[in-house]
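Novice: Got a predicted structure plus its sequence, pasted below:
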Amino acid sequence: MPSFKVDTSSAVVFVATAPVPKLVSKQTGEVAMDRETGAPLSTVGLLVSDEGEGNLYQVTVPKTGLPEGLAPGMPVSVVGLRARDWENTFNGQTRHGISFRAVAIALAG
């Protein structure tokens with residue numbers, strides 16, 4: 001499926017939730033890995049405020065693209081943010097949504 005660039009150049013972005021490992025399976029605890037680099041993936045909650053509207057996004061980022069000590073409330077910038085729609089069917093129920101992926105998150109200022 002195609003992905004789309006998300007422009008955050010005029011947005012104010014804050015960490016909402018600290019990074020946690022992205023799991024392939026909650027049962028096994030297996031951590032998802034980046035297909036291109038082999039780096040473990042993490043998920044971080046970001047509050048993105050732009051043009052008078054604020055939204056919370058769960059963004060997947062390779063662990064190598066996360067600065068040390070990233071914590072809620074910190075202002076950040078997002079490098080290479082992309083959105084991709086997804087859909088899957090499990091046990092006869094179809095679910096769909098939009099996933100967000102970034103190359104890196106950098107501390108602002």
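Specialist: Now that the structure is in, tell me what you want to look at.

Novice: In contact with Ala39, which residues?
Specialist: Shown in contact with Ala39 (CB atoms under 8 Å, 6 or more residues apart in numbering): Met33, Pro62, Lys63, Thr64, Gly65. Backbone N, C-alpha and C define where each C-beta goes, glycine included.

Novice: Quick check: the fourth one is in a strand.
Specialist: What that stands for is Thr64. No. Counting by DSSP: H, G, I helix; E, B strand; the rest coil, Thr64 is not found in a strand; it is helix.

Novice: Nearest residue to the middle of this protein?
Specialist: Central residue of the chain (CA atoms, centre = their mean): Val59, 1.0 Å from the mean position.

Novice: Can you give me the buried ones in the helix or strand hosting that residue?
Specialist: Using DSSP states H and E, Val59 sits in strand 53-62. For strand 53-62, a neighbour-count test (16 or more other CB atoms under 10 Å) marks Tyr57, Val59, Thr60, Val61, Pro62 as buried.

Novice: Quick check: Val31 touching Pro19?
Specialist: No. Using CB atoms under 8 Å, Val31 is not in contact with Pro19; the gap is 12.0 Å.

Novice: Which of the two has more residues huddled nearby?
Specialist: More crowded of Val31 and Pro19, by other CB atoms under 10 Å: Pro19, with 20 against 14.

Novice: Wait, a helix at that one?
Specialist: No. Counting by three-state DSSP, Pro19 falls outside a helix, being strand.

Novice: can you pull the contacts of it?
Specialist: Ser42, Thr43, Val44, Val61, Lys63, Leu66, Leu70.
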